[in-house]
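Engineer: Next comes the sequence, and after it the predicted model I'd like to discuss.
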Amino acid sequence: SQQGEEDPQALSIQEGENATMNCSYKTSINNLQWYRQNSGRGLVHLILIRSNEREKHSGRLRVTLDTSKKSSSLLITASRAADTASYFCATDATGSARQLTFGSGTQLTVLP
Amino acid sequence: EAGVTQFPSHSVIEKGQTVTLRCDPISGHDNLYWYRRVMGKEIKFLLHFVKESKQDESGMPNNRFLAERTGGTYSTLKVQPAELEDSGVYFCASSRRSRGTDTQYFGPGTRLTVL
C-alpha cells in the first residue's frame, strides 16, 4: 500500500448525517493535512494537525491523529450537499524537505 | 490576500509540442511546489523551490520537464516535447516558512491534455 491511503474510496450519505474518512500512512511525519477538491477545481486546505497533536477541530470538521497506528480520521458533522467533493489526506514526512505525499482520496457524495 | 494563481487553466496541445505553465504564489511565500495528478492517480510531488533555488526536484519525471523561478517570485514549468502520458492536472502550491510545520496552499491547477 502507499503512503497516505484513504478509506473508504467512496462514501454516499444523506444530508445531515456525519461522514467519517480514514487515512493511513507509513513513515514518520511532521504533520498531516486534509484537503478537499470539488469536481474540476483546485485543492482547498481544510485542516493541519501536527504530529504532537491528537485531535483538532475546525467548524464542522474534526480530525484525529494516532501516530502509533499511523492513521488519521476526518469527521464532517451535519453534512450538507455542498460538502460533496473528493477529500485527500497528505503527509509531510520527516526529512522529506516539505514535500507532501497524497493518498488516492475519498469521494464523498452528500445526497439532499 | 490573493491566493495561488495558475495560468492557463486548460491547455490542449499535440504530442511533440511545447507547453509552459505558470504559477504565481501567495505574496511573501518563499516556498513554491509543483505537483501533478495524471490519469486519476494520486497527486504526486514534482519539485520544491525555496525562493529561486531548487530545494528538491526528486519528483521530476524526466528531462523533458524544466522548472524555473527567476527572481524568487512566479514559477514556470515547461514540458518539451510533450508526450501523451504528460496529460493530467498540474498543481502549484506555496507556503511561507522553510522550517517547521506549515500549510501549503494550492492553486486551481492547470489541466493539460496532450493529443
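Structural biologist: Now that the structure is in, tell me what you want to look at.

Engineer: Contact partners for the spatially closest residue to A:G42 that is not a sequence neighbour?
Structural biologist: Spatial nearest neighbour of A:G42, chain neighbours left out: B:P108 (3.6 Å); criterion: CB to CB, 6 or more residues apart in numbering or on different chains. Just so you know, the C-beta spots here come from the backbone N, C-alpha and C atoms, and that holds for glycine as well. Counting by CB atoms under 8 Å, 6 or more residues apart in numbering or on different chains, B:P108 makes contact with A:41-42, B:5-6, B:9.

Engineer: Show the model's pLDDT score for B:P108.
Structural biologist: Looking at B:P108, its pLDDT reads 92.

Engineer: roughly how far apart are B:E14 and B:A82?
Structural biologist: 8 Å (CB to CB, to the nearest Å).

Engineer: more neighbours, the two?
Structural biologist: B:A82 (23 against 11; other CB atoms under 10 Å in any protein chain shown).

Engineer: Let me know whether that one touches B:L21 as I believe.
Structural biologist: No. Counting by CB atoms under 8 Å, B:A82 stays clear of B:L21, with 11.1 Å between them.

Engineer: sorry, back to before: for the residue nearest to A:G42, helix, strand, or coil?
Structural biologist: Assigned state for B:P108: coil (three-state reduction, DSSP: H, G, I helix; E, B strand; the rest coil).

Engineer: just A:A82 next, same as before
Structural biologist: Under three-state DSSP, A:A82 comes out as helix.

Engineer: Run a quick neighbour tally on it.
Structural biologist: Neighbour tally, A:A82, other CB under 10 Å: 10.

Engineer: So which residues of chain A form strands?
Structural biologist: Counting by DSSP state E, chain A has strands at residues A:5-7, A:10-14, A:19-24, A:29-37, A:43-50, A:55-58, A:61-66, A:71-76, A:85-93, A:100-102, A:106-111.

Engineer: so what's the most centrally placed residue in chain B scoring on pLDDT?
Structural biologist: For chain B, the residue sitting closest to the mean C-alpha position, by CA atoms, centre = their mean, is B:W34 at 3.2 Å. Here, the pLDDT recorded for B:W34 equals 97.

Engineer: Beta-bridge partners for it, please?
Structural biologist: Assessed by DSSP bridges, B:W34 has beta-bridge partners B:L47, B:C92.

Engineer: Now do it against chain A, distance only.
Structural biologist: 10 Å (CB to the nearest CB, to the nearest Å).
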